[in-house]
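Student: Sequence below, structure please.
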Amino acid sequence: MFSIFRDPELCAQFARDGYVTMPFLGESALIELRRLFAEIKPKVTLQGFATTTTSPDLALKQEMFARIAPLYADKVNHIFQDFKNLGVSFLQKDSGQPGSLPLHQDWTVTEEDHFRTITIWIPLEDNNIENGAIQMLPGSHRWTNLLRGPNLPIAIKDIAAELIEGLVTLPLKAGEAIIFDHSILHTSTLNTSGRPRVALTYGLTHKDTPLRFWYAHPGDAVDRFEQIAVPDDFFLQYHEIGKRPSMGKSLGFYRHDLSRLNSADATDLKAGKAIRRPIYRDLSAKNCLLNAPEYSITRNPAWNKEFAEKGFVLIPLLDAAKVAHLKAFFEAHQAAKVERFYASVHNPDVDFRLRMDAEIQRVLSPLLAELLEEAEALGGSFIAKPKGNSGILPPHADWNIVDERIWRKLQPVDSAGGYDSCQWRGACHSGEPQLVGFLPWSGHWKSIRRRQKRDLVGHASP
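Tutor: Numbers count the residues shown, from 1 in each chain. Next up, the predicted model:
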């Protein structure tokens, strides 16, 4: 888990409770923020419980961010490190029932097993029970892994009333802040003051956090959702709340049970028993609502579609000269006779393994760089399959080396006898060992690459 807090004690408190409070902005900054809100309010629609995020005026929101950011920059840099901004907005809670908001969690916008997204919430006037004090359910950010989004089913809907007994009300002075995890359960008291309550919200996360958005397609299965990689300025661009974003890149469909929790679940949660439901790829071709690849790994949409449906794709890669060169290179450096299924990556000589890897990458990498998108090499090996039963390998699947809900490892495999589909092969009947070179590539986002990259020079595959 990546943390952006500089202070270890503050980090520990946030990890435990899901929120922290502190003084944040001085009076001069508050005066400027009130002036800016008064200037912006006529240009946006704010009724009931509303935020400037929903404004379609991107230029206005960009200007707002540019004017607000300097007001809190010093404080943010003092508290946080290695972070990036997700945007700012004004939030207005009207007096009376129209401004009420039920117990809820903010959207899932990243891979929360590894990263967290955070909101800094600052009232522009003293915030209390009368005008809508914010309320938190301490520790609830650790209760479930259930996905959240503007049009996803709300799993906690039926048990909200059973959970509110644990809420903590947090009155704040103007300029104080509550910093909270997007997954914590929270709400606010009814505003009975007779006037709107206005707050500033500011989002941030670790600088390497990949942003994700989950969308439920109307008419699709109730447990099937699309995951979309969205840009860092997503909260500035996205304003048609509930609709599929026009920006971003589809990462395909996933299955995840968001059926509603019941009283027994509420009892478990309050007792500290987390509820985790699997999130897994849906590779079925039927019911696919988008005319788009399940994996955008190669630069060829047809290949992407075939790879998503079959798990492999055959493509032209090496010409005869390169095949002959690699075969000759292996034979010149491989001293021992190949007597059983063999991978150069399992040779005990580290220098030998590195030489094999370097030559394979030298030949294949420029070619694959032209064919693949957002991918990098993980290591190369020669594989030799000798004549007879000693070369047989049973049906199997290769190792899990990444989170396969999100990424996939690719293995371009070429042999002198034609293309090899990575399927199970029986005994080799020719007089010579069948020689194959492979170079695993991992298709995943560059922002995660530093965390996920492994040294696979010790890995072999058929």
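Student: from what I can see, Val20 looks like it's in a helix, true?
Tutor: No - counting by DSSP: H, G, I helix; E, B strand; the rest coil, Val20 is not part of a helix but strand.
Student: pLDDT below threshold where in the protein?
Tutor: Where the chain drops to pLDDT under 70, the residues are 1-2, 283-296, 374, 402-462.
Student: change it to 50
Tutor: Low-confidence segments of the chain, defined by pLDDT under 50: 285-294, 405-406, 409, 413-431, 442-462.
Student: For my notes, confirm Glu165 occurs in a helix.
Tutor: Yes - looking at Glu165 with three-state DSSP, it is inside a helix.
Student: Burial check on it, number of neighbours?
Tutor: By other Cβ atoms under 10 Å, the residues close to Glu165 number 8. The C-beta positions use only the backbone N, C-alpha and C, and glycine is treated the same way.
Student: For it, give me its contacts.
Tutor: Contacts of Glu165 were listed using Cβ atoms under 8 Å, 6 or more residues apart in numbering, and none were found.
Student: what's the answer for the one 4 residues further on, then?
Tutor: Contacts for Thr169 were tallied using Cβ under 8 Å, 6+ apart; they are 129, 133-135, 189.
Student: Backbone dihedrals for it, please?
Tutor: Thr169 adopts backbone torsions of phi -90, psi 130, taken as degrees, to the nearest 10.
Student: cool, the one 10 residues further on as well?
Tutor: For Ile179, the backbone dihedrals (degrees, to the nearest 10) come out as phi -110, psi 120.
Student: quick one on the thing from earlier: out of the contacts of Thr169, the closest to Arg276 would be?
Tutor: The closest of the contacts of Thr169 to Arg276 turns out to be Gln135 (Cβ to Cβ; 25.2 Å).
Student: quick check, that closest one in a strand?
Tutor: Yes - judged by three-state DSSP, Gln135 forms part of a strand.
Student: From Phe180, how far off is it?
Tutor: 11 Å (Cβ to Cβ, to the nearest Å).
Student: who has more neighbours, those two?
Tutor: Between Gln135 and Phe180, counting by other Cβ under 10 Å, Phe180 is the more crowded of the two (23 against 18).
Student: Give the helix, strand or coil label for the more buried one.
Tutor: Strictly by three-state DSSP, Phe180 counts as strand.
Student: Could you give the number of residues near the closest residue to Val363 other than its chain neighbours?
Tutor: With sequence-adjacent residues excluded and distances taken as Cβ to Cβ, 6 or more residues apart in numbering, Val363 is closest to Lys322, at 5.7 Å. By other Cβ under 10 Å, 15 other residues sit near Lys322.
Student: and Lys322, helix, strand or coil?
Tutor: Applying three-state DSSP: Lys322 is helix.
Student: That one reaches Ile360, doesn't it?
Tutor: No - in this structure, Lys322 is not within contact of Ile360 by Cβ atoms under 8 Å, at 10.7 Å.
Student: still on that earlier bit, pull out the buried residues from the contacts of Thr169.
Tutor: Buried subset of the contacts of Thr169 (neighbour count, 16 or more other Cβ atoms under 10 Å): 133-135, 189.
Student: And the furthest pair within the residues you listed?
Tutor: Ile134 and Thr189 (8.4 Å).
Student: OK, contacts around Glu32?
Tutor: Leu71.
Student: element containing it, please.
Tutor: In the assignment (DSSP states H and E), Glu32 maps to helix 27-40.
Student: that older thread, what sits in contact with each of Gln135 and Phe180?
Tutor: Common neighbours of Gln135 and Phe180 (Cβ under 8 Å, 6+ apart) are His186.
Student: follow-up on the earlier one: in the helix holding Glu32, what's buried?
Tutor: Those buried within helix 27-40 under the rule 16+ other Cβ under 10 Å are 29-30, 33, 36-37, 40.
Student: going on from it, what's the next piece of helix or strand?
Tutor: Downstream of helix 27-40 (by DSSP H and E), the next one is strand 49-51.
Student: In whichever helix or strand Leu368 is part of, which of the residues would be classed as buried?
Tutor: Per DSSP H and E, Leu368 falls inside helix 350-371. Neighbour-count burial for helix 350-371, counted by 16+ other Cβ under 10 Å, picks out 353, 356-357, 359-361, 363-364, 367-368, 371.
Student: which helices and strands sit right next to that helix?
Tutor: If you count contacts as 3 or more Cβ pairs under 8 Å, 6 or more residues apart in numbering; DSSP states H and E, helix 350-371 packs onto helix 320-333, strand 375-377, strand 381-385, strand 434-438.
Student: The third one pairs with which strands, parallel or anti?
Tutor: Spelled out, that is strand 381-385. Strand pairing for strand 381-385, determined by DSSP bridges: strand 342-343 (antiparallel), strand 434-438 (antiparallel).
Student: cool, the second one as well?
Tutor: Within its sheet, and counting by DSSP bridges, strand 375-377 is paired with strand 441-443 (antiparallel).
Student: burial measure for the residue nearest to Glu27 when sequence neighbours are not counted, as a count.
Tutor: Sequence neighbours aside, Gly175 is the residue nearest to Glu27 in space, at 7.1 Å (criterion: Cβ to Cβ, 6+ apart). Number of residues near Gly175 (other Cβ under 10 Å) recorded here: 19.
Student: which residues touch Gly175?
Tutor: 23-27, 29-30, 122-123.
Student: at 7 Å what do you get?
Tutor: Shown in contact with Gly175 (Cβ atoms under 7 Å, 6 or more residues apart in numbering): 23-26, 30, 122.
Student: Sketch out the strands for the stretch 51-200 of the chain, chain order is fine.
Tutor: Assigned by DSSP state E, counting those that start in this stretch, the stretch 51-200 of the chain shows strands spanning 83-93, 117-123, 134-136, 168-170, 176-181, 186-188, 197-206.
Student: With distance to Ile275 as new columns, can these be given to me in TSV?
Tutor: Shown next, in TSV, are the strands of the stretch 51-200 of the chain (distance: least, Cβ to Cβ, whole Å):
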stretch	distance to Ile275
strand 83-93	27
strand 117-123	21
strand 134-136	19
strand 168-170	22
strand 176-181	17
strand 186-188	18
strand 197-206	24
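Student: and of the ones you listed, who's closest to Arg255?
Tutor: So among the strands of the stretch 51-200 of the chain, strand 117-123 is nearest, using Cβ to Cβ, at 23.4 Å.
Student: ok, Lys157 - how many residues close by?
Tutor: 13.
Student: for Pro153, that is, sorry about that
Tutor: Counted with other Cβ under 10 Å, Pro153 comes out at 18.
Student: list the contacts for it?
Tutor: Applying Cβ under 7 Å, 6+ apart, the residues near Pro153 are 222, 258.
Student: I'd like to know how far it sits from Ser259.
Tutor: 7 Å.
Student: Which residues are in contact with each of these two?
Tutor: What both Pro153 and Ser259 touch, as defined by Cβ under 7 Å, 6+ apart, is an empty set.
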